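*Asks:* Build me a structure from this.
(2 chains)
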Number of protein chains: 2
Amino acid sequence: MSRTTIHDIAKELNTSPSTVSKALNDHPSISAATKELIKTTAQNLNYRQNRLASSLRSGRTNIIGILIPSSDIGFFGAVVHGIEKIARSSGYNILLFQSNVTGEYEVEGVETLLQTSVDGIIASIAKDTPNLEHFIDVKKRKVPLVLFDRIKEELNAPSVVVDDYKGAFMATEHLIQQGYSRIAHISGPQHIKIFNDRLRGYVDALKMNNLPIDEDLIQYGRNSIESGKFSAERLLGRTKHVDAIFAVEDFTALGALQYLKQIGIRMPGQIGMIGFGNESFSPYVTPSLSTIDQQPARMGEEAFTLFLEAMAEKTNGAASPELNAEPKKIVLDPVLVVRESSVRTPQA
Amino acid sequence: MSRTTIHDIAKELNTSPSTVSKALNDHPSISAATKELIKTTAQNLNYRQNRLASSLRSGRTNIIGILIPSSDIGFFGAVVHGIEKIARSSGYNILLFQSNVTGEYEVEGVETLLQTSVDGIIASIAKDTPNLEHFIDVKKRKVPLVLFDRIKEELNAPSVVVDDYKGAFMATEHLIQQGYSRIAHISGPQHIKIFNDRLRGYVDALKMNNLPIDEDLIQYGRNSIESGKFSAERLLGRTKHVDAIFAVEDFTALGALQYLKQIGIRMPGQIGMIGFGNESFSPYVTPSLSTIDQQPARMGEEAFTLFLEAMAEKTNGAASPELNAEPKKIVLDPVLVVRESSVRTPQA
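*Replies:* Numbering: from 1, shown residues only, chains lettered A, B, ... in the order given. From the prediction side, this is the model:
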């Protein structure tokens, strides 16, 4: 008993499996006419999910492994939902492994996923990953690997990221437009590219708006609530002339916000605040936190589409990934989310 | 090359693997002397994690599957951390499957985990699970199954729960002790046992303190922020005589809190509020939310210990689970967490 897959539908219509998957999932990049055609064809071919039967026939498991630093960080949870949304209707199931942000567990995670014969791995890399042997191993075994958010260029794998530089630029420029001029930045560990990108975006937004760069206004934190509190305390201890803070991520912003409230500073009147990441708590704190949204659901969808493309390449016996010098890299636009913490009242 | 497992250490010392695991993880129930003995023995036997080698030898995968409704709910994430903490040092890795709170995906999840040959499944059951065939299938295959939090007694599986009745009683009594007397309850879907238990705890706390039960003060919501807003609006529309709200879980409490803030009600002065679940956002909202903590990390540790016991039973060829009429059920004590939202100032 043969089962219709998205590959069959693609073949029938002379299009790609990822186009079929996108159409079946109402992806905005596919035209209404194409969606209609693909959906009708899917119906005619009696397309439906039947994972186990397919697995027995194809030798595939139809399982994708996702490796994330932590499910406590709402951003990663939202990316996973994005992957799930599109993966499930393509007949794939998802298993998650959380590395708890440590490289040691990440190695275990890759081993575990390979051991369960996943068809592919979609990963965001742990902060302190000491070397990349485990990921190189994935590539050697010809298991499709897609990276998102925290990527390593040297792995030469297809990836999806958000434009961190641009997001930081937007956040800083938003504060400037609100009339703030002594804008501090609490940054993160600089060996991680995304945090360095955000620092550069902050600096360039100041420059472009003819504001001076003041080293006293830059703190290097560790991406946590505690670190945000501590950094805000140091900032205000060092100089009284701070009227806004751009924090490298929302947990840091939350810590800074708590400290400022504790010492009786009015936000956004006396000090404006913006974070990065649009964490799940950000709308609910007081004042609600302005931030940069990284389009995590979209990131997940794109990552899964890249995985499907890699699977298709593998099936079609395309050039081995090692020879593919320019893996696809999708860069998503960040989205400014304006809430109470950064909107100055006219009188302030 | 043979590898030392916790089973070898247990055999050497004539104790159980779960005792060894607990000792190696500094579980409070194990005496210092026993811990010392077990740790020394582990060292002498050159005990260390080596999962893949062990898997090849034993036919075990040393992977446990965890099935949770959603990793967006901080409680489940914290349980997973509890399981991880103790599982990893016992040489087990963890794969997560999130059912997104729907029964359909839960069936897929069980299939996926069985397909990857996990050694056991630790699960919390989705809200709308239509039938339990998929879990019965797990038991038929003799794969150890442990349930936590959202359990089904009829599955006759070992389980860990928190005493929901007691937690609700404590929450309600705390409000009474703070001088509130017109205490409303926003409950959840009543076909889920834990929500019914919490309703009963609320009712009995009122009775025990000689306060009347007023049906106008009980709302049935759907465990979401939106539902919390809506329920609070209905409560206050129905009667002006509400001076406190006990919400069945923290997302509901958050919605109610947002609504009350929006219409200008002071908390805890005019209306006191307490939730249930100690979600990650609860300390950060304004006012910070009093709640009931369910000891999720402890719940995870106990669930893993039950899994080890089930593995040991299986290995020793003990009676099949179907014949085991009284599976072990661990009931944890809830912990009252007092924050700003429920502590009445003396003047109020």
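
*Asks:* okay, CA-based contacts and neighbour counts for the rest of this
*Replies:* Noted.

*Asks:* A:Ile271 contacts A:Val242, doesn't it?
*Replies:* Yes. Between A:Ile271 and A:Val242 there is a contact at 7.2 Å, judged by Cα atoms under 8 Å.

*Asks:* Quick one: distance of the helix or strand containing A:Glu84 to the chain centre.
*Replies:* Here A:Glu84 sits within helix A:74-88, counting by DSSP states H and E. Counting by Cα atoms, centre = their mean, to the nearest Å, helix A:74-88 is centred 10 Å from the centre of its parent chain.

*Asks:* Stretch A:7-18 too?
*Replies:* 29 Å.

*Asks:* ok, for the residue of the stretch 101-250 of chain A found nearest chain B, nearest residue in space, not its chain neighbours?
*Replies:* Scanning the stretch 101-250 of chain A for the residue nearest chain B gives A:Thr116, at 5.2 Å (criterion: Cα to the nearest Cα). For A:Thr116, ignoring the flanking residues on the chain, the nearest one in space by Cα to Cα, 6 or more residues apart in numbering or on different chains is B:Thr116 at 5.2 Å.

*Asks:* Validate this expectation: A:Phe195 resides in a helix.
*Replies:* Yes. Assessed by DSSP: H, G, I helix; E, B strand; the rest coil, A:Phe195 belongs to a helix.

*Asks:* Excluding chain neighbours, give the residue nearest to it in space.
*Replies:* Take A:Phe195 and drop its neighbours on the chain: the residue closest to it by Cα to Cα, 6+ apart is A:Gly188, 5.5 Å away.

*Asks:* Surely the one you found is in contact with A:Tyr220?
*Replies:* Yes. The pair formed by A:Gly188 and A:Tyr220 meets the contact definition of Cα under 8 Å, at 5.5 Å.

*Asks:* More neighbours: which of the two?
*Replies:* A:Gly188 (24 against 17; other Cα atoms under 10 Å in any protein chain shown).

*Asks:* Contacts only, for that one.
*Replies:* Applying Cα atoms under 8 Å, 6 or more residues apart in numbering or on different chains, one finds that A:Gly188 lies in contact with A:Phe195, A:Asn196, A:Tyr220, A:Gly221, A:Arg222, A:Asn223, A:Val248.

*Asks:* swap the cut-off to 7 Å and go again
*Replies:* Residues in contact with A:Gly188, defined by Cα atoms under 7 Å, 6 or more residues apart in numbering or on different chains, are A:Phe195, A:Tyr220, A:Gly221, A:Arg222, A:Asn223, A:Val248.

*Asks:* how close does the fifth one sit to A:Glu249?
*Replies:* So the one you mean is A:Asn223. Using Cα to Cα, to the nearest Å, one obtains 7 Å as the distance from A:Asn223 to A:Glu249.

*Asks:* neighbours of A:Ser153, just the number please.
*Replies:* Heads up, residue A:153 is Glu, not Ser. The tally of other residues near A:Glu153 (other Cα under 10 Å) stands at 12.

*Asks:* Please see if stretch A:263-272 touches chain B.
*Replies:* No. Stretch A:263-272 stays clear of chain B (Cα under 7 Å from any Cα of the partner chain), getting no nearer than 13.8 Å.

*Asks:* cool, stretch A:99-108 as well?
*Replies:* No. Counting by Cα under 7 Å from any Cα, chain B is not contacted by stretch A:99-108; separation bottoms out at 7.5 Å.

*Asks:* So which bits of that stretch are buried?
*Replies:* A:Ser99, A:Asn100, A:Val101, A:Thr102, A:Gly103, A:Tyr105, A:Glu106, A:Val107, A:Glu108 (16 or more other Cα atoms under 10 Å in any protein chain shown).

*Asks:* what residues does it touch?
*Replies:* By Cα under 7 Å, 6+ apart, the surrounding residues in contact with stretch A:99-108 are A:Ile68, A:Pro69, A:Ser70, A:Gly109, A:Ala126, A:Lys127, A:Asp128, A:Thr129, A:Pro130, A:His134.

*Asks:* what's near enough to touch the first one?
*Replies:* This points to A:Ile68. Contacts of A:Ile68 by Cα under 7 Å, 6+ apart are A:Phe76, A:Phe97, A:Gln98, A:Ser99, A:Ala123, A:Ser124.

*Asks:* ok, the fifth one touching A:Asp149?
*Replies:* If I follow you right, that is A:Ala123. No. If you go by Cα atoms under 7 Å, A:Ala123 and A:Asp149 don't touch, sitting 8.8 Å apart.

*Asks:* which one of the two has more residues nearby?
*Replies:* Per other Cα under 10 Å, whichever of A:Ala123 and A:Asp149 has more neighbours is A:Ala123, with 25 against 22.

*Asks:* For that one, give me phi and psi.
*Replies:* Reported as degrees, to the nearest 10, the phi and psi values for A:Ala123 are phi -140, psi 150.
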